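Trainee: got a predicted structure plus its sequence, pasted below:
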Amino acid sequence: MSANIYLNTVDDDLFTRADAYWDGAEEVFYEDSAGDGGERFEYAYSPTRFYPLDYVNSFTVVVFLLILVFVYGAISKPTAVASNRTQVQATAVPAETSASSQTQPKIDISGSPTAVQAPYTHYQITQGIHGASYGHMAIDLAAGRGEPVLSPINGVVTALYVDEYGNPTLIIENDVYLVTILHGDFTVQLGDSLRAGEKVGTESNKGYTMDMQGNLCYGREWCGNHTHLNIYDKRIGSNVNPLDLIGG
């Protein structure tokens, strides 16, 4: 705070303070050494102003730096967590792939790999060789809805899925043959080792099946129940006629 000082005296002599009062209205401070108003000082104070730099000191600087450190730490921690999470996910994916690869069955079964039998004990052939348009040389066999469907070979279940047409698809293979069966209610699981004649499910009409007039059987329980059977010979690299192998 600064002040303008005005000296009003009779003889301009210095004096000691004897009396003083403050005129709040005029913001003037009067000093009267004699008490009679003859000699006085007038202090006219200028209005107070705030200058931020006047209050900057070492303590303020330290507090400001501490705040910056705290804010930086709060911002950087989530970034570090996200980075760690990304690394965990990146390492988890190969682990899952490795686990799934370990579940792939090996073609290692007991019994002759060349032995082949029909998927039923008693059956009728409802359709001869067909399926060339989609890479098959298959036949259709039927024994009755709900009748046991049997593994045609000694082998391992290497695939079990529903294809794009809704057909339940079971693949059994060994070192010689790969057998594909469709439409059944299958009860085996991927990786199961099977002996020829072992039950793999029951006959059904699931997926793309038709009646004798060529009408689709969707929603009709007793329509088109059968097993579609395709056999691929690995030794020659092509499908073979199932009838030549099952003695139908």
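Mentor: Looks like it arrived, so ask away.

Trainee: mind checking how far the residue nearest to Ser151 when sequence neighbours are not counted is from Asn239?
Mentor: Residue nearest to Ser151 in three dimensions, not counting chain neighbours: Leu194, with 4.2 Å by C-beta to C-beta, 6 or more residues apart in numbering. Glycine gets a C-beta too; all of them are placed from N, C-alpha and C. Computed as C-beta to C-beta, to the nearest Å, the Leu194 to Asn239 distance reads 21 Å.

Trainee: same check, this time on Lys199
Mentor: For Lys199 relative to Asn239 (C-beta to C-beta), the value is 25 Å.

Trainee: likewise Ala143?
Mentor: 23 Å.

Trainee: between Lys199 and Asn239, who's got more neighbours?
Mentor: Neighbour totals were compared for Lys199 and Asn239, and Asn239 leads with 19 against 13 (other C-beta atoms under 10 Å).

Trainee: thought that one was touching His136?
Mentor: Yes - taking contacts as C-beta atoms under 8 Å, Asn239 lies within contact range of His136: 6.3 Å.

Trainee: common neighbours of the two, please.
Mentor: Applying C-beta atoms under 8 Å, 6 or more residues apart in numbering, one finds that Asn239 and His136 are jointly contacted by Asn230.

Trainee: wasn't Gln213 part of a helix?
Mentor: No - according to DSSP: H, G, I helix; E, B strand; the rest coil, Gln213 belongs to no helix; its state is coil.

Trainee: can you report how many residues neighbour it?
Mentor: Neighbour number of Gln213 under other C-beta under 10 Å is 5.

Trainee: what's the distance between it and Gly224?
Mentor: Gln213 sits 11 Å away from Gly224, going by C-beta to C-beta.

Trainee: over to Arg145?
Mentor: Per C-beta to C-beta, Arg145 is found 10 Å from Gly224.

Trainee: overlap in contacts of these two?
Mentor: Asn205.

Trainee: distance between the ends of stretch 204-219?
Mentor: With C-alpha to C-alpha, to the nearest Å as the measure, stretch 204-219 spans 12 Å from end to end.

Trainee: Val179 sits in which helix or strand?
Mentor: In the assignment (DSSP states H and E), Val179 maps to strand 177-182.

Trainee: mind giving me the packing neighbours of that strand?
Mentor: strand 155-162, strand 168-173, strand 227-233 (3 or more C-beta pairs under 8 Å, 6 or more residues apart in numbering; DSSP states H and E).
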